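> Sequence below, structure please.
(2 chains)
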Number of protein chains: 2
Amino acid sequence: MPFSFRLIATDGAARRGEIVTPHGRVQTPAFMPVGTQGSVKGLMPDDVRATGAEIVLGNTYHLMLRPGAERIAALGGLHAFMHWPLPILTDSGGFQVMSLSALRRLEEHGVTFRSHLDGAMVELTPERAVEIQSLLGADISMQLDECLGLPTARDEIERAMQLSLRWGERSKRAFESRARDGYALFGIVQGGDDQRLRQDSARALVDIGFDGYAIGGLAVGEPQAVMLKIVAETAPVLPIDSPRYLMGVGTPDDLLQAVARGIDMFDCVLPTRNGRHGMAFTRFGAINLANARHANDPRPLDEQSTHPAARSYSRAYLHHLTKANEMLGAVLLSTINLAYYQALMAGSRTAIADGRFADFIATTKAGWARGDIATL
Amino acid sequence: MPFSFRLIATDGAARRGEIVTPHGRVQTPAFMPVGTQGSVKGLMPDDVRATGAEIVLGNTYHLMLRPGAERIAALGGLHAFMHWPLPILTDSGGFQVMSLSALRRLEEHGVTFRSHLDGAMVELTPERAVEIQSLLGADISMQLDECLGLPTARDEIERAMQLSLRWGERSKRAFESRARDGYALFGIVQGGDDQRLRQDSARALVDIGFDGYAIGGLAVGEPQAVMLKIVAETAPVLPIDSPRYLMGVGTPDDLLQAVARGIDMFDCVLPTRNGRHGMAFTRFGAINLANARHANDPRPLDEQSTHPAARSYSRAYLHHLTKANEMLGAVLLSTINLAYYQALMAGSRTAIADGRFADFIATTKAGWARGDIATL
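Numbers count the residues shown, from 1 in each chain, chains lettered A, B, ... in the order given. Prediction:
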């Protein structure tokens, strides 16, 4: 079955759709939990699935260094390796080469960097990034790009954007030479916070032609307003009938605002990373379980949650696990947060289909603004 | 329903029995996973249950210091707090006062120690230990005792044993004054590695009269042979119709050997602690998943395991998670190890009932001796 995206409904710029991949369907807007090193930290695959996730993200940079792409391929691919039977999207490794490896040399051909694990010099080219993701068996692969932080000088942003475009072309050629039916390659729009560069990048990518389009290089230090402005200016340049993915974003509010501007897919470490540090995302806003006000509170985090973990364990217990640095605290809060992100996406999908997404955002934000239930 | 123990079958000194508690039945021989701070590290209660566990242990020392016994009582007791609906046994805190608190003063009245958490001075008496465990709602409480390491001079061992007996009497009086129907108090045999002291201790405890009898002060530095000799000499002095609990023990072989000498109950951090450090207990013996020989091995740890986690995830994946220090490695190996311990107890129960426990031990040990399956 070929990769496809079907637009089911729109509400303003917001879109309700469905992606079909070799490992199943993904309802959009969709949030992808991050399984950096072949696991969503601390969670068994069934538990990830029970949060409502239909697709996870794997990190090429980490997996190529350990345990290695060829090894995972020999073991049957990433789906089999991590026991995740549903769709997987992998990033290209580019972003983490920039953020994690101390020593790197960027050239037209690709990027050479020193592994943060064993100090070995490793080369990543557009062709190798495609090859690695193919070895992993990703349903959706990402082109290699150069991702900069913000603020950065415009000429540097333009240079990196143009390089990313040339890498995008090479990625597509490499991907097509492998021709695996139903597997998809996404291009990545770059261009920093510059409207013109962003739109040039988007148009050029569309000319090359990808199965989907990501907006990269955001959530890298700029204010939310800048990010949303770029999203709003870029999305209309992208094809209506292709999925749009905002990489590495974000907070619950970021997600709703980006969906309202036409984004279909997200990934972010926030729900799991913050969960490991005692923070819960709920319809009352973010809640810090380390706070002493929870110590004697027998009530669950949210009795109306879609997930049993948020309905059953007391705040007092989650507070205790957090203060005692118990692994189960990280496990439960990661689960609860992923379930909240998924509920937010499910709520968005229904609201868009019903033509009341603006109301859904308003109601959701009002809940956050009211804040947490009062201490007993 | 009153606490009870029913002896169902014997095979030599080995016993197959059933304990009835307010929160359910426990088939013996039984292994109790350790939930030190109100959770079996990293595992959701349902996952602990799925390993076959029918009872868990909670640590009075940790729970009294954080979050506090009165707090847990106000929250509905430890069962509700940690969402574990089945039986709970709590230790008295004595052992960990000795092993974890830097500063302590032991007197006839009790022990005063400095909390390892906040430096506060805390007093633990036999009466307070019973009170705390009652506040926690433990189905089975343990008397406060003084536990020494080995080797220790005989007069010191005798002094501690006699003090433990007097504390046992006070514990019983305190427990009876609370009179909660169906809840049980166990006495603890002390006496180090001295047969005479152990038997004196056991007889005196039986005279006081407890619902069950533990053998404490073993697995504290002595060779296995010494431990088993003490167990073999002590068990016959204990009542046939009461459960016998060997505290803090041990390896899979320790368990089988102690069952063969008449022990019914065990607890130990080994399966979970070693699981967090990459070691798996299997019918092939202990397996170090950090070993490079597993890196490319697509086979599960044990395709005949009772637990899906040991049958499904590849050795290569468990190796990767261990090397990458991923939380899921700790979670999966803890699960797999607890399931192996439970399978060992289930196998023992069946074998004892069938009068072939010696064969079961021989077969199990032959499996360990053969060692792990060959590298591919």
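> helix or strand right after the helix or strand containing residue A:26?
Per DSSP states H and E, residue A:26 falls inside strand A:24-28. Moving toward the C-terminus from strand A:24-28, the next helix or strand (DSSP H and E) is strand A:30-32.
> Quick check: can you name the pairing partners of that next one and their directions?
strand A:265-267 (parallel) (DSSP bridges).
> neighbouring contacts of the partner strand?
A:19, A:26, A:28-34, A:57, A:89, A:212, A:243-250, A:255, A:258 (C-beta atoms under 8 Å, 6 or more residues apart in numbering or on different chains). For glycine as for every other residue, the C-beta is placed from the backbone atoms N, C-alpha and C.
> and the closest residue to residue A:234 other than its chain neighbours, how far is that from chain B?
Excluding its sequence neighbours, the residue lying closest to residue A:234 (C-beta to C-beta, 6 or more residues apart in numbering or on different chains) is residue A:198, at 4.8 Å. Separation of residue A:198 from chain B (C-beta to the nearest C-beta, to the nearest Å) stands at 36 Å.
> What mean pLDDT does stretch A:106-118 get?
The average pLDDT within stretch A:106-118 is 93.
> What of stretch A:129-149?
The pLDDT scores in stretch A:129-149 average 96.
> which parts of it are buried?
For stretch A:129-149, the neighbour count (16 or more other C-beta atoms under 10 Å in any protein chain shown) marks A:129-148 as buried.
> Now for residue A:353, how many residues are close by?
Burial measure for residue A:353: 14 neighbouring residues, criterion other C-beta atoms under 10 Å in any protein chain shown.
> repeat for residue A:362
Residues within reach of residue A:362, counting by other C-beta under 10 Å, total 11.
> same for the strand holding residue A:26, what does it pack against?
Judged by 3 or more C-beta pairs under 8 Å, 6 or more residues apart in numbering or on different chains; DSSP states H and E, the packing partners of strand A:24-28 are strand A:14-21, helix A:327-353.
> hang on, the earlier thing: show me the contacts for the residue nearest to residue A:234.
Taking C-beta under 8 Å, 6+ apart as the test, what residue A:198 contacts is A:189-192, A:215, A:230, A:233-234.
> coming back round to it: distance between the strand holding residue A:26 and the chain's centre?
Centroid displacement of strand A:24-28 relative to its chain, using C-alpha atoms, centre = their mean, to the nearest Å, is 15 Å.
> same deal with stretch A:317-330?
For stretch A:317-330, the distance to the chain centre is 26 Å (C-alpha atoms, centre = their mean).
> Can you name the residue of the stretch 51-200 of chain A nearest to chain B?
Residue of the stretch 51-200 of chain A nearest chain B, by C-beta to the nearest C-beta: residue A:67 (4.5 Å).
> Quick one, grab the pLDDT at that residue.
In this prediction, residue A:67 carries a pLDDT score of 98.
> Okay, and the closest residue to it other than its chain neighbours sits in which element?
Leaving aside its chain neighbours, residue A:67 sits nearest to residue B:320 (4.5 Å; criterion: C-beta to C-beta, 6+ apart). Following DSSP H and E, one finds residue B:320 within helix B:315-323.
> Just the mean pLDDT for that helix, thanks.
In the prediction, helix B:315-323 has an average pLDDT of 98.
> Check stretch A:171-184 too.
On average, stretch A:171-184 scores 93.
> Now do it: distance from first to last residue.
Stretch A:171-184 has an end-to-end distance of 12 Å (criterion: C-alpha to C-alpha, to the nearest Å).
> continuing past the helix or strand of chain A with the lowest mean pLDDT, what's the next helix or strand?
Every helix and strand of chain A was ranked by mean pLDDT, DSSP states H and E. The lowest is helix A:94-100, at a mean of 86. Scanning forward in sequence from helix A:94-100 by DSSP H and E, the next helix or strand is strand A:104-106.
> follow-up on the earlier one: now do the strand holding residue A:26: everything it contacts.
A:5, A:15-19, A:54-55, A:85-87, A:243, A:264-265, A:345-346, A:349.
> Not counting its neighbours along the chain, what's nearest residue A:20?
Nearest non-adjacent residue to residue A:20 (C-beta to C-beta, 6+ apart): residue A:4, at 4.6 Å.
> same thing with residue A:8?
Nearest non-adjacent residue to residue A:8, counting by C-beta to C-beta, 6+ apart: residue A:16, 4.8 Å away.
> check contacts around residue A:36.
Residue A:36 sits next to A:58-59, A:62, A:269 when contact means C-beta under 8 Å, 6+ apart.
> same thing but 6 Å
Listed by C-beta atoms under 6 Å, 6 or more residues apart in numbering or on different chains, the contact set of residue A:36 reads A:59, A:62.
> That one and residue A:333: what is the separation?
18 Å (C-beta to C-beta, to the nearest Å).
> Also residue A:122?
Relative to residue A:333, and taking C-beta to C-beta, residue A:122 is found at 34 Å.
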